[in-house]
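Engineer: Sequence and predicted structure are below.
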Amino acid sequence: MRILLIEDALPLGEAVRDQIKDDGHAVDWMQTLADTRACLATTTYDLLLLDLMLPDGQGIDFLRQRRKAGDATPVIILTAQDQISDRIDGLNAGADDYLVKPFDLSELSARVAAVARRYSGNPNPLLQVKDLDIDLSSHSIRRGSRSIDLTAREWALFEALLQRPGALLTKSQLEDHLYAFGAEIESNTIEVYISRMRKKLGHDTIETVRGMGYRLGKT
């Protein structure tokens, strides 16, 4: 997924950014609402991680404005405000989840995955594609009794395809799932990862539509 982190506390921002990257997602990190708005004007994100207390405004007011404008991008609030009334306000403003600081980074990863599953239309973490048994929550894949291991970036690409079964994803769309702003992208990066994944998952698991992109193979 392509995730926008909006957090002005440097140590926490660094920890969250690194955790999200280790999970295989692309993450852009902004520390003000002004920079956040600039990002959203040019880039489509799959999820926002939103702090409520920011140098140039309140995150909850920003969220209300986005929802009022019709933006349905999933949002997880990250905040030190731990009163029940604060949580209710955040959820009523349109947040999909609410995580109180300090939090365990593995719990953040689990909540990010859960929100992504809900928005993909299938909250069940257990999927089957051809002869592959897939557990989205543990990032595990099995073929019969054999476990198949993907790297974090291979998993990010596979998850992008799983979220839109049968849909054609362009090379550019897949790159957005892997790289944040300013990252160097070699011209054949996606092709290399797709080739590696086919060797592990089966050559007919991912189809190439020449000149257009990739999609999951038909079951």
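Structural biologist: Looks like it arrived, so ask away.
Engineer: Report all helices and strands that the strand or helix carrying Ser172 contacts.
Structural biologist: Assigning secondary structure by DSSP states H and E places Ser172 in helix 171-178. Helix 171-178 sits against strand 26-30, helix 152-163, helix 189-201, strand 213-216, with contacts defined as 3 or more Cβ pairs under 8 Å, 6 or more residues apart in numbering; DSSP states H and E. C-beta coordinates here come from the backbone N, C-alpha and C atoms, glycine included.
Engineer: Just send the ones you listed back as TSV, with mean neighbour count, mean pLDDT and distance to Asp71 too.
Structural biologist: What follows is the helices and strands packed on helix 171-178, written out as TSV (neighbours: other Cβ atoms under 10 Å; pLDDT from 0 to 100; distance: least, Cβ to Cβ, whole Å):
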stretch	mean neighbour count	mean pLDDT	distance to Asp71
strand 26-30	21	93	16
helix 152-163	20	86	19
helix 189-201	16	91	28
strand 213-216	19	91	26
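Engineer: can you list these in CSV and add distance to Asp97?
Structural biologist: What follows is the helices and strands packed on helix 171-178, written out as CSV (distance: least, Cβ to Cβ, whole Å):
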stretch, distance to Asp97
strand 26-30, 17
helix 152-163, 18
helix 189-201, 29
strand 213-216, 27
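Engineer: Make sure Pro55 is actually in contact with Ile6.
Structural biologist: No. Counting by Cβ atoms under 8 Å, Pro55 sits too far from Ile6 to count as a contact (11.1 Å).
Engineer: Mind checking which of the two has more residues around it?
Structural biologist: Neighbour comparison, Pro55 and Ile6: the larger count goes to Ile6, with 24 against 9 (by other Cβ atoms under 10 Å).
Engineer: mind giving me the domain ranges of this protein?
Structural biologist: Structural domains annotated on the chain: 2-120, 126-216, as defined by the TED database.
Engineer: Lowest average confidence across these, which one?
Structural biologist: In terms of average pLDDT, domain 126-216 trails the rest of the domains of the chain, at a mean of 86.
Engineer: how far does that domain stretch from start to finish?
Structural biologist: Separation of the first and last residues of domain 126-216 by Cα to Cα, to the nearest Å is 17 Å.
Engineer: Same question for stretch 48-58.
Structural biologist: The first and last residues of stretch 48-58 sit 15 Å apart, counting by Cα to Cα.
Engineer: What of stretch 138-148?
Structural biologist: Stretch 138-148 has an end-to-end distance of 12 Å (Cα to Cα).
Engineer: List the buried residues for it?
Structural biologist: 139, 141 (16 or more other Cβ atoms under 10 Å).
Engineer: what's the answer for stretch 45-60, then?
Structural biologist: For stretch 45-60, burial by neighbour count (16+ other Cβ under 10 Å) applies to 45-52, 54, 59-60.
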